[in-house]
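Participant: just need the structure, nothing else, for what follows:
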Amino acid sequence: MKEVDWSSIDPGQNKSKGNGGIQFVKFTSGKIEKLRPFGRAIEFYKIFIEKGKPSIIVDAQDKDAAAKLLSDKMGKEIKASYRNSMFVFDRNDGNKVKILEAGFQVFEQFASWSSATKIDPGSGQAVDWTISVTGDGVGGSNPRKYVSTPLMPVPFTEQEKSVVKGLKDAGKLKLSNYFKEVPLNKVLEVVFGSSGSASSESESEGELVGAGATESSDMQW
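Facilitator: Predicted coordinates for the structure are as follows:
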């Protein structure tokens with residue numbers, strides 16, 4: 001797991017709620033989210049098993065081997081998905097700080113905007129975004145589609161800076177609090193448990209087990 005290089009974001013490269021008290025952005029089909037990213041983004045590989053079973057995050061070098069282990073166990077093809085994450089202010093929910101975790105559809109549009117403007121999407125010179133969602137989540141017959149639209153530049157307010165400083169001082173702006181990679185030799189145990197039966201803990205898109213992450217970098221106000 002590493003920070004995103006906005007000039008070369010690419011799922012082809014080898015490159016749950018957590019325990020820190022910050023919620024994840026929850027996407028709902030037909031709803032438009034309005035978010036203000038801040039800080040650095042990370043990239044990783046996540047394996048969605050199926051509803052009712054935990055999702056896991058694995059090292060880029062282990063993604064194919066982990067997917068094969070799970071495919072052999074499940075008797076069907078399982079693939080690793082390229083994912084990204086960063087902190088955001090949720091404009092639709094009282095400007096709460098949340099974690100945005102999404103796939104290439106969302107972050108590719110962040111990267112395209114960054115390439116055109118030469119501005120880091122998480123910096124103080126960046127913008128609010130709307131993200132519209134259609135389709136079903138994992139396991140649905142109609143794949144989800146995300147459309148991200150940049151709005152006007154929105155510098156951080158003094159209150160927002162204060163909130164970020166308080167969370168950072170409390171150790172809650174470390175992405176490693178929310179993500180942890182599962183070693184290859186632990187994949188089957190984590191997903192199915194020592195008894196070999198699948199875990200029953202789940203979210204609508206699978207319970208996130210763990211992403212080893214870089215720590216959140218200093219803000220570019």
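Participant: so what does the longest helix belonging to the chain touch, helix or strand wise?
Facilitator: When the chain is parsed with DSSP state H, its longest helix is helix 104-117. Using 3 or more Cβ pairs under 8 Å, 6 or more residues apart in numbering; DSSP states H and E, the elements in contact with helix 104-117 are strand 32-47, strand 80-90, strand 127-134, strand 145-153. For every residue, glycine as well, the C-beta is placed using N, CA and C.
Participant: 7 Å instead, please
Facilitator: Helix 104-117 sits against strand 145-153, with contacts defined as 3 or more Cβ pairs under 7 Å, 6 or more residues apart in numbering; DSSP states H and E.
Participant: got the angle between the strand it packs on and strand 32-47?
Facilitator: With axes from the mean of the first three to the mean of the last three Cα atoms, to 10 degrees applied, the angle from strand 145-153 to strand 32-47 works out at 130 degrees.
Participant: so where is this protein shaky, pLDDT-wise?
Facilitator: The model of the chain has pLDDT under 70 over residues 1-20, 137-140, 194-221.
Participant: circling back to that earlier point, okay, buried residues for the longest helix of the chain please.
Facilitator: By neighbour count on 16 or more other Cβ atoms under 10 Å, the buried set for helix 104-117 is 104, 106-111, 113-114.
Participant: what residues are up against Ala65?
Facilitator: Residues near Ala65 by Cβ atoms under 7 Å, 6 or more residues apart in numbering: Leu184.
Participant: please report how far it lies from Asp59.
Facilitator: Ala65 is 10 Å from Asp59, where distance means Cβ to Cβ, to the nearest Å.
Participant: also Leu175?
Facilitator: For Leu175, the distance to Asp59 (Cβ to Cβ) stands at 15 Å.
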